[in-house]
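Student: Have a look at this prediction, sequence included:
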Amino acid sequence: MKAALWYDTKDIRVETIPEPSLERDQVKVKVSYCGICGSDLHEYLAGPIFIPVEEAHPISKDKAPIVMGHEFAGVVSAVGEDVTGIKVGDRVCVEPIYSCGTCHSCRKGHYNVCEQLGFIGLSGGLGGFSEYSVVPSKMIHKIPDNMTWEQAALVEPAAVAVHAVRQSDMKIGDSVAVIGTGPIGLLVIQAAKAAGASKIVAVEVSPERRDFAEQAGADLIIDPLERDPIQAIKEFTNELGVDVAFEVAGIEATIYTAIESTKPEGNVVNISIWEKPASIPLNQFILTERKMTSIIAYRNIFPQVIQLIANGQIRATELITEKISLDQIVTEGFEALSKNKNQIKILVDPSL
């Protein structure tokens, strides 16, 4: 079968590999769609970040080259002997977190901050940029009949956004700023709106992505190259600043904007994975008692996110700008995302 493997920075290769066999507690999935994530793009442009290179990941036992892809859904084609509650033909999406199950965080159910945290398709395993994937049965979530494959492939990134909003201090009626409106930022806008935000400000340099932010439900959209975003946000919020600012771009300018545009005692939420260290003005937290919240991935939330998308409360498919084949994944996928801001979410169909 065909699969896309990460070898090194800017070195992803589509190769023929053996079709996977099953272990007793695993499920084999024929992949319908797999989305290219911002984390995948980071690995392509500046990796390795999550990808194990020198030593194998302690849970997956794999190291580069690894089959990429962690935003995927498909049909169950086989189940291991010990698997219950899942059968051949089930329509499913995959929650791709590797966790040890025994560390302090795992024992209290916070498996997304496991000491050995990893992700299938980033930390090893057989990711979704392949015709078939094999995953532990605990990663499998059934999807309703009315959910499309496109919607199902976007449950994973939507879960990041919903988890970020739930972990924040945001309450019904609060004002929110979203700094950076790539796929996760756009989903944060939708998640915040669904959670009752009264005012949502989006800050984005790309005109194409500003259009997407308007469609997603932002009330004020700011081009920071034309207008001081901090001043504009203050004017929009009676000079107070927003209750919660979500930083979703991963550069110093955007984390600074998020901090300065939040009111005293407000909440700055960092969602980005950073390619390099950033300087943060800590006095802007100390002197105002602002709080910083950082989130990684999600936990105990997939069923709710599946329902939010199936019900139309989160319109994830509005983010899809292209569907491509596995053979196109570098030129029409990773390169397109790195060069064209009019590309938001690209889905890969490994069967093409």
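Tutor: Nice, I can see it.
Student: so Lys28 sits right up against Val75, yeah?
Tutor: No - proximity of Lys28 to Val75 does not meet the contact threshold set by C-beta atoms under 8 Å, at 9.8 Å. C-beta here means a position set from N, CA and C on the backbone, and glycine is covered the same way.
Student: If you count surrounding residues, which of these two has more?
Tutor: A count of neighbours by other C-beta atoms under 10 Å puts Lys28 above the other of Lys28 and Val75, at 21 against 15.
Student: In terms of helices and strands, where is Ser105?
Tutor: For Ser105, the host element (DSSP states H and E) is helix 104-107.
Student: For that helix, give the mean pLDDT please.
Tutor: Across helix 104-107, the average pLDDT comes to 98.
Student: And for that helix, what's in contact with it?
Tutor: Ser99, Cys100, Tyr111, Val113, Cys114, Glu115 (C-beta atoms under 8 Å, 6 or more residues apart in numbering).
Student: give the contact list for the closest residue in space to the third one that isn't next to it in sequence.
Tutor: Residue nearest to Tyr111 in three dimensions, not counting chain neighbours: Ser99, with 3.8 Å by C-beta to C-beta, 6 or more residues apart in numbering. Ser99 makes contact with Ile59, Cys106, Tyr111, Asn112, Cys114, Gln116, Leu117, Gly118 under the criterion C-beta under 8 Å, 6+ apart.
Student: same question, Lys10
Tutor: Counted by C-beta under 8 Å, 6+ apart, Lys10 has contacts Tyr44, Leu45.
Student: how about the strands in the stretch 151-300 of the chain?
Tutor: 175-179, 199-203, 220-222, 242-247, 262-270, 291-294 (DSSP state E, counting those that start in this stretch).
Student: Let's see the second one as CSV, backbone CA atoms only.
Tutor: Presented in CSV, the C-alpha positions along strand 199-203 are these (Å, rounded to 0.1, in the frame of the first residue of the first chain):
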residue,chain,number,x,y,z
LYS,A,199,-17.7,39.7,21.1
ILE,A,200,-15.0,38.0,19.1
VAL,A,201,-12.1,39.8,17.5
ALA,A,202,-9.8,38.2,15.0
VAL,A,203,-6.3,39.5,14.2
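Student: quick one: it to chain centroid distance?
Tutor: 20 Å (C-alpha atoms, centre = their mean, to the nearest Å).
Student: Give the rounded mean pLDDT of it.
Tutor: Strand 199-203 comes out at a mean pLDDT of 98.
Student: Can you tell me what sits against it?
Tutor: 175-181, 185, 189, 192-193, 210, 213, 216-222, 224, 229, 232-233, 236-237, 242, 254, 257, 261.
Student: The contacts of helix 104-107: which two are farthest apart?
Tutor: For the contacts of helix 104-107, the maximum inter-member distance is 11.4 Å, found between Cys100 and Val113 (C-beta to C-beta).
Student: I'd like the distance from the helix or strand containing Ile12 to the chain centre, please.
Tutor: Using DSSP H and E, Ile12 sits within strand 11-16. Counting by C-alpha atoms, centre = their mean, strand 11-16 is centred 23 Å from the centre of its parent chain.
Student: do the same with stretch 145-158
Tutor: Using C-alpha atoms, centre = their mean, the offset of stretch 145-158 from its chain centre is 13 Å.
Student: So which bits of it are buried?
Tutor: Residues Met147, Thr148, Trp149, Glu150, Gln151, Ala152, Ala153, Leu154, Val155, Glu156, Pro157, Ala158 are the ones in stretch 145-158 that count as buried (16 or more other C-beta atoms under 10 Å).
Student: got it, and stretch 231-240?
Tutor: Here stretch 231-240 shows Ala232, Ile233, Lys234, Phe236, Thr237 as buried, counting by 16+ other C-beta under 10 Å.
Student: quick check, nearest of the residues you listed to Lys171?
Tutor: Once C-beta to C-beta is applied, the member of the buried residues of stretch 231-240 that ends up nearest Lys171 is Thr237, at 15.1 Å.
Student: quick one, what contacts the closest one?
Tutor: Taking C-beta under 8 Å, 6+ apart as the test, what Thr237 contacts is Ser175, Lys199, Lys263.
Student: swap in Gly173?
Tutor: Gly196, Ala197, Ser198.
Student: Kindly report the same for Gly121.
Tutor: Counting by C-beta under 8 Å, 6+ apart, Gly121 has contacts Asp40, Ile66, Val67, Met68, Gly69, His70, Phe72, Pro96, Gly127, Gly128, Phe129.
Student: let's see 10 Å
Tutor: Listed by C-beta atoms under 10 Å, 6 or more residues apart in numbering, the contact set of Gly121 reads 4, 6, 34, 37, 39-40, 43, 50-51, 60, 66-72, 94, 96, 127-130, 133, 135.
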